[in-house]
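[1] structure, please.
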Amino acid sequence: MKLHVLFKLIPATLWLGLVITFPATAEPDTHRSYYSIQVLSGTLATVKSAWQKSQDLLFVRIEKHADQHKLRVGFWRSKAEAENQLAGIKIHFPDAFVLATEYKPSKILLDWSGNFARSSGESTSTGKQPIKIPGGLIKPVPVPSHVVSTTVSGSGVLIGTPSASSNIVSVQKTTQSNTVTTSQLNVVAQEEKRTLPAEPAAPSSSPIKVAVTEPARKQRAAMPDETQLWQLLHDEQYDMLQAEINRIHAKHGKWQPPQELLSLLQQGKLRQKIDQAIQNKDAATLVQLGELHPEDFSCLHVDWAWALAEAQATLKQTDALHLILHRLIPDCSEQDRLATLYKAKSWLDNTLWEILLEREAQEIRSNEGESKFRRLRYDHGMEKLLAAHQMQNQIAFRTLLQQLGSDIEHYRDADAALLSGWHYFNTQETTTATLWFNKTLAWNPELHDARSGLALIALQDKRFADAKRFADALPDGNEGKQELLRTVSAAMAPGPRVLAMTGGETNTGITYSAAYAGVIMPIHSRLGGIGNGIVQRLWADRLTYSYDNDGQKTQAEQLGIEGSLGYQKSGPWGSWAMFAGAVYRDTHFSPDAPNNPARGGFVRGRIQIEGERILNKDWRVNVNANYVTGQNSYWTRGRLLYNLNERILAGPEVITLGDPNFQIRQYGGAVMGLSVLSGADVTVRGGARETQEGTTMYLGLELARPF
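    Sure, this is the predicted structure:
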C-alpha cells in the first residue's frame, strides 16, 4: 500500500490525539545530541501530508538528508523518554523508530511552526507568530514565500522569481547578531543540494545572478557524495558501510559522516548482533548484550526480551530472569503481557510464576484479554490439582477443587469432573461423587470411567439393578466391564457367599511347618456380603517349630481352633478387614519345657488386621497381621504385588513370626491368582527362612474358593 493511501485511512482525530510531553529543560540546542522518533520517509508530498496531520505534536518537522525527506518528532535527552512515546506513534506508523540525532536547523525543511526553512540562516515565514516551547523561544525564519527553486548554471546560482519586475536585493534573518546575505544563502543551498517546496510558479524571465567565489566552488567539489552511504544503510550492509565511511574519511580528511548515519549504523549493527545471537541460540552472547543495552530489551521489542529471558533461564540466572519479566509485566500491552505469562511458565518454578500471575491480575484487561487470563489461570490450577491427586495429598486436592469448582462448571471440563468424582468416591462421599460422575457424562458421554464409578456406588448402596444398568452401558472392550458384571451377578444371587481357604508351608530341615483351613461367612444383615459388612471367621491350624532352650534343641507342636467376628470393606481403592475373637491352643514340647508359658492348653484372645491398597492399575500393597494375648505370639506379612494381567498378581513378600522363645523371618515372593482348579485361586510362595539355627528354604501353597 502506498504511503499517501495509508494516510487517508488514518482518522485525523486519532493522529492529532497523540500528545507527546517534554521536560521543561528540553529546549533544543544547535548541534547537541538528542533522541527523536522518525515517523516515516518518502517523497516530499507524502511526508508533508503526514506533517499536516501531526502539527499538534511538539517539534514535528520535515528534514531533508541528501535526496531523502524524513518526518521526525521530538528532541529528547533520554532514550527511555523517546521510547515511551514510540508505542503511540507506532499504532499509526508501524515502521517508526527511535534514533539519535542532532538539532541542525540547516537540515529542517518544514518546522513545527509551519515555516519552510531554507538553511540555518534563512527561511520562508507562513506568517505564524513565534511558538513558545518549554525552555526557550524559537522564532520563525523569514524567507520570501515566492521562491520556488534553485538551479546552478555556470559560475553562479540562478534564483527564479514570479515576475521580472521583482527587485529582490537581499534576504536577511536576524538571529543574535548574524546577518546572512542572499549570496550566502544560495551557496549553502547549493552545498546542501536541496529543492525547496513551494507553490508552483513559472520561472522568472529575468533571473538574478549571484556570483560564487572560487573557494566556495573548490569546497563544494571537495565534498564527497553521501548517496551511496545511505543506500548501504538501507540495504543493511553495515560492514560495507563502515568500510566506505573509513575510506571516504581517509580521502577527505575534514569530512565527517552525518551523525544520523552513524546513529542508524550503530543501531543496525546492534540489531544484527541480537538477531544473530537469537538465531544461533547463543545464550551467553544474548545475556551479555542484554546487560550492555537493557533499553533495547523492552516492550518496544518484546520478541528480543523473550529471547533474553529464555537465555537467562537456560543459564539459570533466576534473579535477572525475574527482573526482566517484572519489567514486561505490567509495562507491555495486554497481548504481550499474556504472551509473556505463557512463555514464562516454562522458565520459572510455580512459586515465582504465580507471583507474575498475581501481578498481571492487578492489571486492567479487555473482555478478550480477561477471557484468556482466566483460562491461563485455570489451566495452571488444573495442573496443581492433578499433581495433588497423583501425590495423594487429599487436603491440597480438596482445597484446589473448591477453588476451581466454578471454573470447571464454566468450561464444562469433563476430565476434571471425572477426577473429582473419583476423589469423592475414594473418600466414601458417594453422594458428591455421584454428582460429579453425572456431570462428566453430561459433558462427555465417551468418558466411560464415570459409568464404572456409578456402578460401584450402586453396588455399595445395594441398588443392584442400577449397578447392572451402568455396567451394561460400558463398551464391550472396556477392561473392567466383565468384572463388574460378575460382581453384580454375585451380589444379586440369593443367599450369602462363603469363602473357604486352606494352605500349608514347609521348609528344608523340617525345623518349621504350618497348615491351616478355615471359612469366612457373612452374618445375615443389611450389611452382609463377602467383601463388605459383618462376617464371622472360623479357623483351625497346626504349627511345628524348634528352638534353642538353654542349649538344648526343643521341638514344639501346636494345635489351634479360633472363632472371631469381623468387618470388611472393599472398593476400587482396595479393601480392609478387622477381626477379634478367641483361640484355643494346645502346645506340646519335646523334650518337655515346663518353663515355656505356651506349654499346655489355653483359651486366649486374638486380633487380626488385613488391608490392601491399590496404588494404580499395575501395583498394590497387601499387609496382614495377628496377635495372641497371654502367649504374646505374633505373625505379620507384607507384599508388594504387580498386576501381570486381570487375575494374576506377583511380587515380593516379607514374613515375621514368633513369641518370646523363638523368632522366624522369611524373605521370598508370591504368585497369586493361578487358576489350577475350577473356581479356585491358587497362590504359590517360596523363599528363604532365617532362624537361630540358620537359614533354610521354604515353600508354601494357598487355595481360596468362594461358594
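[2] from here on, just use CA atoms for contacts and neighbour counts.
    Will do.
[3] give me the helices and strands touching the helix or strand residue 465 falls within, please.
    Using DSSP states H and E, residue 465 sits within helix 464-472. On a contact count with 3 or more CA pairs under 8 Å, 6 or more residues apart in numbering; DSSP states H and E, helix 464-472 meets helix 449-460, helix 481-492.
[4] nearest to residue 241, of those?
    Nearest to residue 241, of all those, is helix 449-460, at 69.4 Å by CA to CA.
[5] give me the angle between the closest one and helix 481-492.
    20 degrees (axes from the mean of the first three to the mean of the last three CA atoms, to 10 degrees).
[6] contacts for helix 449-460?
    418, 421-422, 425, 430, 434, 437-438, 440-441, 464, 466-471, 473-474, 480-481, 484, 488, 491, 571 (CA atoms under 8 Å, 6 or more residues apart in numbering).
[7] can I get the top helix by length along the chain as PDB, trimmed to CA atoms?
    Longest helix of the chain, by residue count under DSSP state H: helix 367-390. What follows is helix 367-390, C-alpha atoms only, in PDB (Å, rounded to 0.1, in the frame of the first residue of the first chain):
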ATOM      1  CA  ASN A 367     -13.000  -8.700  27.700                       C
ATOM      2  CA  GLU A 368     -11.000 -10.800  25.300                       C
ATOM      3  CA  GLY A 369      -7.900 -10.400  27.500                       C
ATOM      4  CA  GLU A 370      -9.800 -11.300  30.600                       C
ATOM      5  CA  SER A 371     -11.100 -14.500  29.000                       C
ATOM      6  CA  LYS A 372      -7.500 -15.500  28.000                       C
ATOM      7  CA  PHE A 373      -6.200 -14.700  31.500                       C
ATOM      8  CA  ARG A 374      -8.900 -16.700  33.200                       C
ATOM      9  CA  ARG A 375      -8.200 -19.700  31.000                       C
ATOM     10  CA  LEU A 376      -4.400 -19.400  31.800                       C
ATOM     11  CA  ARG A 377      -5.100 -19.300  35.500                       C
ATOM     12  CA  TYR A 378      -7.500 -22.200  35.300                       C
ATOM     13  CA  ASP A 379      -5.100 -24.400  33.300                       C
ATOM     14  CA  HIS A 380      -2.400 -23.700  36.000                       C
ATOM     15  CA  GLY A 381      -4.800 -24.600  38.700                       C
ATOM     16  CA  MET A 382      -5.700 -27.900  37.000                       C
ATOM     17  CA  GLU A 383      -2.000 -28.800  36.800                       C
ATOM     18  CA  LYS A 384      -1.700 -28.300  40.500                       C
ATOM     19  CA  LEU A 385      -4.900 -30.300  41.100                       C
ATOM     20  CA  LEU A 386      -3.600 -33.300  39.100                       C
ATOM     21  CA  ALA A 387      -0.300 -33.200  40.900                       C
ATOM     22  CA  ALA A 388      -2.100 -33.200  44.300                       C
ATOM     23  CA  HIS A 389      -4.100 -36.200  43.100                       C
ATOM     24  CA  GLN A 390      -1.000 -38.100  42.000                       C
END
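[8] buried ones in that helix?
    The neighbour-count check on helix 367-390 (16 or more other CA atoms under 10 Å) flags 370, 372, 373, 377, 378, 381, 382, 384, 385, 388, 389 as buried.
[9] how far away is the last one from residue 416?
    Per CA to CA, to the nearest Å, residue 389 is found 11 Å from residue 416.
[10] ok, the third one next?
    For residue 373, the distance to residue 416 (CA to CA) stands at 19 Å.
[11] next: the second one.
    Applying CA to CA, one obtains 19 Å for the distance of residue 372 from residue 416.
[12] hmm, who's touching stretch 554-569?
    Outside stretch 554-569, the residues that reach it (CA under 8 Å, 6+ apart) are 530-548, 575-593.
[13] quick one: buried ones out of the residues you listed?
    530-547, 575-589.
[14] neighbours around residue 639, how many?
    20 (other CA atoms under 10 Å).
[15] confirm that it sits in a strand.
    Yes - Residue 639 forms part of a strand when assessed by DSSP: H, G, I helix; E, B strand; the rest coil.
[16] how far away is the residue nearest to it when sequence neighbours are not counted from residue 642?
    Excluding the flanking residues, the one nearest residue 639 by CA to CA, 6 or more residues apart in numbering is residue 653, at 4.4 Å. The gap separating residue 653 from residue 642 is 12 Å, by CA to CA.
[17] try residue 556
    From residue 556 to residue 642 the distance is 37 Å (CA to CA).
[18] between the two, which one's more packed in?
    residue 556 (21 against 18).
[19] find the nearest non-adjacent residue to the more buried one, please.
    That would be residue 589: by CA to CA, 6+ apart, it lies 4.5 Å from residue 556.
[20] I'd say that neighbour and residue 599 touch.
    Yes - Residue 589 is in contact with residue 599 according to CA atoms under 8 Å; the separation is 7.2 Å.
[21] now do the domain split for this structure, please.
    Using automatic domain parsing, the domain ranges for the chain come out as 1-112, 229-280, 293-364, 382-492, 499-706.
[22] adding distance to residue 287 and mean pLDDT, write the ones you listed out as a markdown table.
    Converted to a markdown table, the domains of the chain look like this (distance: least, CA to CA, whole Å; pLDDT from 0 to 100):
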| stretch | distance to residue 287 | mean pLDDT |
| --- | --- | --- |
| domain 1-112 | 20 | 72 |
| domain 229-280 | 10 | 89 |
| domain 293-364 | 6 | 91 |
| domain 382-492 | 31 | 90 |
| domain 499-706 | 45 | 87 |
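[23] kindly reformat these as TSV containing distance to residue 286.
    Listed next are the domains of the chain as TSV, based on distance: least, CA to CA, whole Å:
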stretch	distance to residue 286
domain 1-112	21
domain 229-280	6
domain 293-364	6
domain 382-492	32
domain 499-706	46
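[24] which among those is found nearest to residue 223?
    Nearest to residue 223 among the domains of the chain is domain 229-280; the distance by CA to CA comes to 7.2 Å.
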